[in-house]
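K.L.:
got a sequence here, can you build the structure:
(2 chains)
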Amino acid sequence: MLRLLSLALFIGTWVLGSWLAGERMLPPPTAVAATIVAEARSGELFWQLGITLARVALAFSLAMAVGVAIGFLMGRVALADRIGDPWLIVLLNLPALVIIVLAYIWGGLTEAAAILAVAVNKVPNAVVVIREGARALDPALDDVARVFAMPRWKVLRHIVVPQLAPYVAAAARSGLALVWKIVLVVELLGRPNGVGFEIGVAFQLFDVTRILAYALAFVAVILAIETLLVQPFERRASRWRVQPA
Amino acid sequence: MSLTLAAGEVCALVGPSGCGKTTMLRIIAGLDRDYDGSVQRPPAGRLAMVFQEPRLLPWRDVADNVRLFAPLADDAEVAALFDILGLASHAGHFPGELSLGLARRVALARAFAVKPDLLLLDEPFVSLDDALANRLREELALLVDRRSVATLLVTHNIEEAVRLADRILLLSRRPAQIIADVPVLTRRAARTDDDCAAIRAAIAQRLADHSRTAATTVSRGET
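P.N.:
Predicted coordinates for the structure are as follows:
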């Protein structure tokens, strides 16, 4: 009920703003909705959204795989931590834009360079979170596994992974949010398609309706992914936790 | 310090806090490598340990907790253990939903499900109320009599040692030395209150003798 009220307030504010600022600066919801429908009919919308989502999926998977591996290594092996930490700090603080631009310069305006740039931006975040998870592994449970001579693969699957799950979920959550923002920038700067590209073109044409249409469509897709994929996963991973009453 | 445990023998290590009982258990279990000396476990023998805290996997239920660590145990065996320990109705519960007493029972079930050749117990009933602790001691006695296994029980509760052990080793303060080795000849199941009282008296006597000797040595200016 409260959500509907909030949504109504949002649309109400939009209409008011459009009326005050003029239709050229802030098109009303009706115009934007019409554009969305038109783009959907022609198939453009789904095509661009699809391409962007494909890039998000690829870059996200790559970054998580590498991030979890390195993060776990750095959390368990002191030497790896000492060697990797300076690199980590530099990459964490290097602006996303710099990484993207360098990737395009060194790799050319290619798809590979684009995906890599996004992944490199996300990896340090994942590493930091997973490293903490690896550091926080309970030695008491390790003792039990050792005494009962549990084979290594079983320890990994039943003792290590469940302890890391909340950390992986956290890295995935914040990482996903980061990745889709950077994918749009990457598309704007050097790709001929995708939502970022469309927004770039609309910017040059001062087509505010188009910008808002693509932005809203994109946000809707992200919200769907959040609700249908991420939240159920998080709930499952935390099922055993004793919730505060 | 030297200690030899016979097959099927239940040996209690009784000593004051801080004398090193838990450390010794950890060394025997292979969890602590920092020591001088040698440990010989039964060759190819299975080891099981009950820690001071239950140490269950919070994300698996009771049945899984036992089965994950005892993959070779068959269903009948696990069911029998659950019956003895009163866990049958809790098989599907998660550790977060269990009381401390129940969690301790699951840890016991886990240790016995493995059918160990050497069983180590580190103050398994500490911080439980007397009634519950006594019940669990009875259950442990039952389990140990059902399938004999060399057992090392660490406790600072003399009552517990008297009730459960075939042999009681009294340890001094740190650095721990064996003050006395008190055998208990009556079978666990046949032990009466009088038997227990007699053993307790014997222990008290040995402890008193030891304090006297220690005091005399101190007053003579030796360590």
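
K.L.:
first-to-last residue distance for stretch B:135-154?
P.N.:
18 Å (CA to CA, to the nearest Å).

K.L.:
same deal with stretch B:3-22?
P.N.:
Distance across stretch B:3-22, first residue to last, is 15 Å (CA to CA).

K.L.:
model confidence over it, on average?
P.N.:
Average pLDDT, stretch B:3-22: 88.

K.L.:
name the residues of chain B found near chain A, please.
P.N.:
Within reach of chain A by CB under 8 Å from any CB of the partner chain, chain B has these residues: B:29-31, B:46-49, B:51, B:53, B:55, B:57-60, B:68-70, B:94, B:96-97, B:110, B:114, B:120. Just so you know, the C-beta spots here come from the backbone N, C-alpha and C atoms, and that holds for glycine as well.

K.L.:
can you tell me which of these are classed as buried?
P.N.:
Neighbour-count burial (16 or more other CB atoms under 10 Å in any protein chain shown) applied to these gives B:29, B:31, B:46-49, B:51, B:55, B:57, B:59-60, B:68-70, B:94, B:110, B:114, B:120.

K.L.:
now, those residues that are in strands?
P.N.:
B:47-49, B:120 (DSSP state E).

K.L.:
turn the residues you listed into a markdown table, including pLDDT.
P.N.:
Formatted as a markdown table, these follow (pLDDT from 0 to 100):
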| residue | pLDDT |
| --- | --- |
| B:Leu47 | 93 |
| B:Ala48 | 94 |
| B:Met49 | 95 |
| B:Leu120 | 95 |
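
K.L.:
what is the nearest of these to chain A?
P.N.:
Distance to chain A, by CB to the nearest CB, is smallest for B:Met49 among these, at 4.5 Å.

K.L.:
my guess is the closest one contacts B:Leu118, does it?
P.N.:
No: B:Met49 lies out of contact with B:Leu118 (CB atoms under 8 Å); the separation is 9.0 Å.

K.L.:
next, name the residue at the spatial heart of the chain.
P.N.:
Just so you know, I chose chain A. Nearest residue to the geometric centre of chain A (CA atoms, centre = their mean): A:Leu176, 1.6 Å.

K.L.:
wrong one, I was asking about chain B
P.N.:
Note: chain B centre (CA atoms, centre = their mean) maps to B:Leu153, 2.5 Å.

K.L.:
any idea how far that residue is from A:Leu228?
P.N.:
54 Å (CB to CB, to the nearest Å).

K.L.:
now do B:Gln40
P.N.:
In terms of CB to CB, B:Gln40 sits 59 Å off from A:Leu228.

K.L.:
over to B:Gly96?
P.N.:
Distance of B:Gly96 to A:Leu228, given as CB to CB: 28 Å.

K.L.:
same question for A:Lys122.
P.N.:
22 Å.

K.L.:
B:Arg26 too?
P.N.:
For B:Arg26, the distance to A:Leu228 - CB to CB - is 48 Å.

K.L.:
between the two, which one's more packed in?
P.N.:
Neighbour count, other CB atoms under 10 Å in any protein chain shown: between B:Arg26 and A:Leu228, B:Arg26 has more, with 21 against 10.

K.L.:
can you give me every residue that contacts the more buried one?
P.N.:
Residues near B:Arg26 by CB atoms under 8 Å, 6 or more residues apart in numbering or on different chains: B:Asp32.

K.L.:
confidence score at it?
P.N.:
93.

K.L.:
with the one 4 residues further on instead?
P.N.:
Note for B:Gly30: predicted pLDDT of 90.

K.L.:
which residues touch it?
P.N.:
A:146-147, B:39, B:41, B:47.

K.L.:
correct me if wrong: A:Leu53 contacts A:Ile222.
P.N.:
No: A:Leu53 is beyond contact range of A:Ile222, at 9.2 Å (criterion: CB under 8 Å).

K.L.:
what residues does chain A have near chain B?
P.N.:
Going by CB under 8 Å from any CB, the residues of chain A near chain B are A:140-141, A:143-144, A:146-150, A:154, A:158-159, A:162, A:239-242.

K.L.:
which of those are buried?
P.N.:
A:141, A:143-144, A:146-148, A:150, A:158-159, A:162, A:240.

K.L.:
these in helices, which ones?
P.N.:
Residues of those located in helices (DSSP state H): A:141, A:143-144, A:146-147, A:162.

K.L.:
how about B:Arg200: what's its closest non-neighbour residue?
P.N.:
Excluding the flanking residues, the one nearest B:Arg200 by CB to CB, 6 or more residues apart in numbering or on different chains is B:Val162, at 5.7 Å.

K.L.:
correct me, but the one you found touches B:Cys196?
P.N.:
Yes: judged on CB under 8 Å, B:Val162 makes contact with B:Cys196 at a distance of 4.9 Å.

K.L.:
neighbour count winner among these two?
P.N.:
Neighbours of B:Val162 and B:Cys196, each counted by other CB under 10 Å, are more numerous for B:Val162; the result is 22 against 16.

K.L.:
just the element for the more buried one, please.
P.N.:
Assigned by DSSP states H and E, B:Val162 belongs to helix B:158-164.

K.L.:
let me see the mean pLDDT of that helix.
P.N.:
Helix B:158-164 comes out at a mean pLDDT of 90.

K.L.:
now B:Ala180: how far from B:Glu53?
P.N.:
30 Å.

K.L.:
now the chain, which segments are flagged as low pLDDT?
P.N.:
Using chain A. A:240-245 (pLDDT under 70).

K.L.:
ah, I was thinking of chain B
P.N.:
For chain B, the ranges with pLDDT under 70 are B:217-223.

K.L.:
I'd say A:Asp75 and A:Glu132 touch.
P.N.:
No Asp there; residue A:75 is Gly. Yes: counting by CB under 8 Å, A:Gly75 does reach A:Glu132; the two are 7.1 Å apart.

K.L.:
between these two, who's got more neighbours?
P.N.:
When A:Gly75 and A:Glu132 are compared for neighbours, A:Gly75 comes out ahead with 21 against 14, by other CB under 10 Å.

K.L.:
which neighbouring elements make contact with the helix or strand in which that one is found?
P.N.:
In this structure, A:Gly75 sits in helix A:44-76 according to DSSP H and E. Packing partners of helix A:44-76 (3 or more CB pairs under 8 Å, 6 or more residues apart in numbering or on different chains; DSSP states H and E): helix A:29-42, helix A:78-93, helix A:111-135, helix A:161-190, helix A:195-204, helix A:208-225.

K.L.:
and of these, who's closest to A:Phe60?
P.N.:
helix A:161-190 (4.9 Å; CB to CB).

K.L.:
so how far is that closest one off the chain centroid?
P.N.:
Distance, stretch centre to chain centre, for helix A:161-190: 3 Å (CA atoms, centre = their mean, to the nearest Å).

K.L.:
which secondary structure elements does that helix contact?
P.N.:
Taking 3+ CB pairs under 8 Å, 6+ apart as contact, the helices and strands that helix A:161-190 lies on are helix A:44-76, helix A:96-107, helix A:111-135, helix A:195-204, helix A:208-225, helix A:231-237.

K.L.:
how about 6 Å then?
P.N.:
Counting by 3 or more CB pairs under 6 Å, 6 or more residues apart in numbering or on different chains; DSSP states H and E, the packing neighbours recorded for helix A:161-190 are helix A:44-76, helix A:96-107, helix A:111-135, helix A:195-204, helix A:231-237.
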